[in-house]
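Chemist: Quick one, structure for this:
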Amino acid sequence: MKRFGIFLLTVSLIAAMVSCVSGRLHYSLSISSTAGGSVSSPGEGVSNYEQGEVVSLVASSDSGYQFVNWIGDVGTIASVSSPSTTITMNGDYSIIASFELPEYLTISSTTGGSVISPGQGTFGYGEGKVISLVAQPEDGYCFVNWIGDVNTIADVTAAATTITMNGDYSIAASFMVKVDPMVAAGAAHTVGLQADGRVVAVGRNDHGQCNVGKWTGIVEVAGGGEHTVGLKSDGRVVAVGRNDYGQCDVNAWTGIVRVAGGGLHTVGLKSNGTVVAVGKSNEGQCNVGGWTGIVQVAAGWSHTLGLKDDGTVVAVGRNAEGQCGVSMWALIIQVAAGAYHTVGLNSYGTAVAVGWNPSGAIQLGGSNLVQVAAGLEHSVGLRSDGLLTCAGWGSPGQCDFYDWTDIVQIAAGSLHTVGLKSDGTVFAVGQNDEAQCEVGGWTLR
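Modeler: Residues are numbered from 1 along each chain as shown. Predicted structure coming up:
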């Protein structure tokens with residue numbers, strides 16, 4: 001028994017000596033890898049290291065694969081997401097280098113800006129990774145939206161957003177030249193276009209005619225009776241609001257350069273000078289198929305106007321009040337359609353008008369006019385000095401704008417008038433029962 005006890009003591013001493021050299025413990029490090037790569041330093045397998053020793057780790061991916069991270073006993077690894085890092089040996093550890101086939105994201109941009117995060121080009125990411133995207137426009141341009149494989153982009157209309165990598169994607173940041181801000185008016189709602197191509201609206205919204213908050217890339221807006229029309233920078237058209245006569249069925253239109261909204265119809269001017277129209281046409285207001293050489297369109301409640309490139313005007317639709325009696329007009333540079341009357345601006349800076357006139361709406365006077373607008377029973381003229389003139393019925397206050405100054409563009413609804421100032425602020429007067437004049441907080445720039 002005594003010899004056996006001496007034997008056990010000897011074995012214990014030898015074991016202690018094996019595990020402790022110069023008073024320091026030794027620990028084992030087991031290293032392996034998933035498919036797609038290997039650990040080149042210190043290699044794969046099991047190795048022993050002194051307590052506290054810092055061991056360099058280098059993971060190398062195979063062609064077509066990428067390193068993901070270190071997994072296992074990673075508590076003392078300096079950076080689990082880096083293929084080249086270190087581990088400090090404070091125990092027995094087992095670690096694995098993880099590799100995967102990447103999801104590729106290709107990023108580009110249109111003219112007018114760039115993607116500054118993560119940059120432009122092709123990048124590889126792990127499946128499910130959320131990537132930050134930041135698009136930056138150049139001076140004079142604005143961001144429109146993200147296009148391409150956008151299904152996993154959090155907000156395609158935001159310049160700063162994210163994309164979740166669930167496959168190989170190709171996306172582009174779309175930019176456009178900043179547009180001239182403008183205002184438009186429907187029967188009882190008001191629309192504003194900002195320089196960045198986004199749109200705001202207030203007023204009657206029973207048919208959703210003010211639901212324009214998600215529109216982007218818009219270069220012109222128009223208000224109809226109870227619908228709103230937007231022309232996009234690529235020549236396509238969008239519309240919201242009342243659609244019982246198909247007045248909002250404009251999604252198939254292409255090559256459009258100007259738009260107009262009528263009472264229950266919508267008109268589009270194509271780049272080749274021809275015109276298209278949809279909606280109610282009981283009085284022939286959509287019969288514009290034969291028009292050519294048109295440079296501007298306007299729409300009243302039941303009639304449509306086309307300004308030709310020679311300064312003459314054509315009209316179709318209701319003419320019971322004489323609103324289509326424009327065949328003798330010449331030297332016209334802009335037309336406006338009221339509910340049942342028509343106003344034209346000639347090259348001399350004065351107005352001509354025909355149609356319904358119970359309140360004197362067609363008697364718009366003044367000189368040095370640069371724009372005209374028409375409502376239900378009133379007409380408005382913008383002078384070159386930024387002041388306005390008015391004719392017609394004004395009892396709800398739609399002509400009470402005599403203190404307005406520095407106006408650069410105007411619009412007229414049924415019973416209200418809207419003016420855009422040079423600083424981007426907006427004024428509105430007239431009937432406000434649907435909050436169509438609540439534009440005091442707008443700054444369109």
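
Chemist: Start from the N-terminal end of this protein and give the helices.
Modeler: Using DSSP state H, the helices of the chain run over 2-19.

Chemist: Quick test: name the residue nearest the centre of it.
Modeler: The centroid of the chain falls nearest to T216 when counting by Cα atoms, centre = their mean (3.1 Å).

Chemist: Could you check how far that residue is from G261?
Modeler: 20 Å (Cβ to Cβ, to the nearest Å). C-betas here are computed from N, CA, C, even on glycine.

Chemist: quick one: stretch 419-438 to chain centroid distance?
Modeler: 24 Å (Cα atoms, centre = their mean, to the nearest Å).

Chemist: gap between the two ends of it?
Modeler: 12 Å (Cα to Cα, to the nearest Å).

Chemist: domain ranges for the protein?
Modeler: Here the domain parsing of the chain from automatic domain parsing is 23-100, 103-177, 182-430.

Chemist: would you turn those domains into TSV with distance to E438?
Modeler: Supplementary listing: these in TSV, determined by distance: least, Cβ to Cβ, whole Å:
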stretch	distance to E438
domain 23-100	52
domain 103-177	24
domain 182-430	5
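
Chemist: which one of those is the most hemmed in?
Modeler: Stretch with highest mean neighbour count among the domains of the chain: domain 182-430 (a mean of 21; mean count of other Cβ atoms under 10 Å).

Chemist: wait, doesn't the residue nearest to the centre of the chain sit right on V179?
Modeler: No: counting by Cβ atoms under 8 Å, T216 stays clear of V179, with 11.5 Å between them.

Chemist: any residues in contact with both of the two?
Modeler: G197 (Cβ atoms under 8 Å, 6 or more residues apart in numbering).

Chemist: who's in contact with the nearest residue to T266 once chain neighbours are set aside?
Modeler: Distance criterion Cβ to Cβ, 6 or more residues apart in numbering; nearest residue to T266, sequence neighbours excluded, is Q247 at 5.0 Å. Contact partners of Q247, counting by Cβ under 8 Å, 6+ apart, are 224, 227, 239, 241, 261-262, 264-266, 278-280.

Chemist: cool, and N90?
Modeler: By Cβ under 8 Å, 6+ apart, the neighbours of N90 are 27, 51-52, 76.

Chemist: Please tell me how far it sits from V219.
Modeler: Taken as Cβ to Cβ, the span from N90 to V219 is 65 Å.

Chemist: hang on, the earlier thing: which two in the contacts of N90 are spaced the farthest apart?
Modeler: Greatest spatial distance in these: Q51 and T76, 11.5 Å, computed using Cβ to Cβ.

Chemist: Can you pull the residues that touch both of those two?
Modeler: Common contact partners of Q51 and T76 (Cβ under 8 Å, 6+ apart): 89-90.

Chemist: Nearest spatial neighbour of A239, chain-adjacent residues omitted?
Modeler: C248 (3.9 Å).

Chemist: Let me know whether the one you found touches T266 as I believe.
Modeler: Yes: contact criterion Cβ under 8 Å: C248 and T266 qualify, at 7.1 Å.

Chemist: For stretch 258-273, measure first residue to last.
Modeler: End-to-end distance for stretch 258-273, by Cα to Cα: 10 Å.

Chemist: correction: stretch 206-214
Modeler: End-to-end distance of stretch 206-214 (Cα to Cα): 18 Å.

Chemist: Can you name the residues in contact with that stretch?
Modeler: So stretch 206-214 is contacted by 157, 186, 189, 191, 199-205, 221, 223-224, 226-228, 230, 240-243 (Cβ under 8 Å, 6+ apart).

Chemist: Same question for stretch 311-322.
Modeler: So stretch 311-322 is contacted by 283-288, 291, 294, 300-308, 323-327, 329-333, 335, 340-342, 344, 347, 354-357 (Cβ under 8 Å, 6+ apart).

Chemist: measure Q334 to V295 for me?
Modeler: Q334 sits 10 Å away from V295, going by Cβ to Cβ.

Chemist: what's the answer for G186, then?
Modeler: From G186 to V295 the distance is 24 Å (Cβ to Cβ).

Chemist: ok, now which ones touch the closest residue to S60 other than its chain neighbours?
Modeler: Nearest residue to S60 in three dimensions, chain neighbours excluded: S40, at 4.7 Å (Cβ to Cβ, 6+ apart). S40 sits next to 58-60 when contact means Cβ under 8 Å, 6+ apart.

Chemist: Need the residues you listed in a markdown table (columns: pLDDT and distance to F427).
Modeler: Below are these laid out as a markdown table (pLDDT from 0 to 100; distance: Cβ to Cβ, whole Å):
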| residue | pLDDT | distance to F427 |
| --- | --- | --- |
| V58 | 98 | 69 |
| A59 | 97 | 66 |
| S60 | 96 | 68 |
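
Chemist: Pipe those residues into JSON lines and attach distance to S33 per row.
Modeler: Shown next, in JSON lines, are the contacts of S40 (distance: Cβ to Cβ, whole Å):
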{"residue": "V58", "distance to S33": "11"}
{"residue": "A59", "distance to S33": "7"}
{"residue": "S60", "distance to S33": "9"}
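
Chemist: Could you point out which of those residues is nearest to G424?
Modeler: The nearest one, if we look at these relative to G424 and count by Cβ to Cβ, is A59, at 56.0 Å.

Chemist: what are the bridge partners for V343, then?
Modeler: V343 has these beta-bridge partners by DSSP bridges: A336, A353.

Chemist: Which residues are in contact with it?
Modeler: Listed by Cβ under 8 Å, 6+ apart, the contact partners of V343 are 335-337, 351-353, 362, 364, 372-374, 379.

Chemist: Tell me where this protein is predicted with low confidence.
Modeler: The chain contains residues with pLDDT under 70 at 1-24.

Chemist: 90 instead?
Modeler: Scanning the chain for pLDDT under 90 picks out the ranges 1-24, 64, 126-127.

Chemist: can you give me the strands in the stretch 151-300 of the chain?
Modeler: Here the stretch 151-300 of the chain has its strands, by DSSP state E, counting those that start in this stretch, at 160-164, 169-177, 182-185, 189-193, 199-203, 218-223, 227-232, 237-241, 256-261, 265-270, 275-279, 294-299.

Chemist: Tell me which of these sits nearest to W404.
Modeler: Of all the strands of the stretch 151-300 of the chain, strand 182-185 sits nearest to W404, with 12.9 Å by Cβ to Cβ.
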